[in-house]
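Chemist: Predicted model and sequence below, questions to follow.
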Amino acid sequence: MNAAVGDRLLVHGNTVGERDRRGEIMEVLSPDGGPPYMVRFDDGHTGLVFPGPDAVVVPK
């Protein structure tokens, strides 16, 4: 998984009834574009994310 600043991260809910989470990648902490990423989610929360298999990077 590779990303750039400004790409969107979509994390699918992994249990029944759990909503997907979406956010903008604010910082890529690996020189090759790999994780971890600093993400500002649409709900206003910002956090360091190590995306799992339930996550997708959507290019800007």
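Modeler: Perfect, I can see it now. Fair warning: this is a prediction, and the values are worked out from it, not measured in the lab. Numbers count the residues shown, from 1 in each chain.
Chemist: rest of the way, CA atoms for contacts and neighbours
Modeler: Noted.
Chemist: give me the beta-bridge partners of residue 9?
Modeler: For residue 9, the beta-bridge partners are residue 23, residue 57 (DSSP bridges).
Chemist: residues near it, how many?
Modeler: Neighbour count of residue 9, defined by other C-alpha atoms under 10 Å: 23.
Chemist: remind me which residues of the protein are low pLDDT?
Modeler: Scanning the chain for pLDDT under 70 picks out no residues.
Chemist: where along this structure do the strands fall?
Modeler: 8-11, 21-28, 37-41, 46-49, 55-58 (DSSP state E).
Chemist: Now do the longest one and strand 37-41, the angle between them.
Modeler: Read it as strand 21-28. Strand 21-28 runs at 140 degrees relative to strand 37-41, counting by axes from the mean of the first three to the mean of the last three C-alpha atoms, to 10 degrees.
Chemist: Which of the residues in strand 21-28 are classified as buried?
Modeler: 22-28 (16 or more other C-alpha atoms under 10 Å).
Chemist: Which residues does that strand contact?
Modeler: 3-13, 34-42 (C-alpha atoms under 8 Å, 6 or more residues apart in numbering).
Chemist: how far out from the middle of the chain is that strand?
Modeler: 5 Å (C-alpha atoms, centre = their mean, to the nearest Å).
Chemist: got a list of what residue 56 touches?
Modeler: 9-11.
Chemist: if we can go back for a sec, using ChimeraX, define a selection of the buried residues within the contacts of strand 21-28.
Modeler: Only the buried entries of the contacts of strand 21-28 go into this ChimeraX selection, using 16+ other C-alpha under 10 Å:
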select :3,4,5,6,7,8,9,10,11,12,35,36,37,38,39,40,41
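Chemist: Distance from the chain centre to stretch 26-43, please.
Modeler: 7 Å.
Chemist: Kindly format the C-alpha coordinates of it as CSV.
Modeler: C-alpha atoms of stretch 26-43 as CSV (Å, rounded to 0.1, in the frame of the first residue of the first chain):
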residue,chain,number,x,y,z
MET,A,26,-2.1,14.6,6.0
GLU,A,27,1.4,13.1,6.4
VAL,A,28,3.2,10.0,5.0
LEU,A,29,5.8,8.9,7.5
SER,A,30,7.7,6.4,5.3
PRO,A,31,10.0,7.7,2.6
ASP,A,32,8.6,5.1,0.1
GLY,A,33,5.0,6.1,0.5
GLY,A,34,4.1,3.2,2.8
PRO,A,35,2.4,3.3,6.2
PRO,A,36,2.1,4.6,8.8
TYR,A,37,0.0,7.7,7.8
MET,A,38,-1.2,10.6,9.8
VAL,A,39,-4.9,10.8,8.9
ARG,A,40,-7.6,13.5,9.6
PHE,A,41,-10.9,11.6,9.6
ASP,A,42,-14.1,13.2,8.4
ASP,A,43,-15.4,13.3,12.0
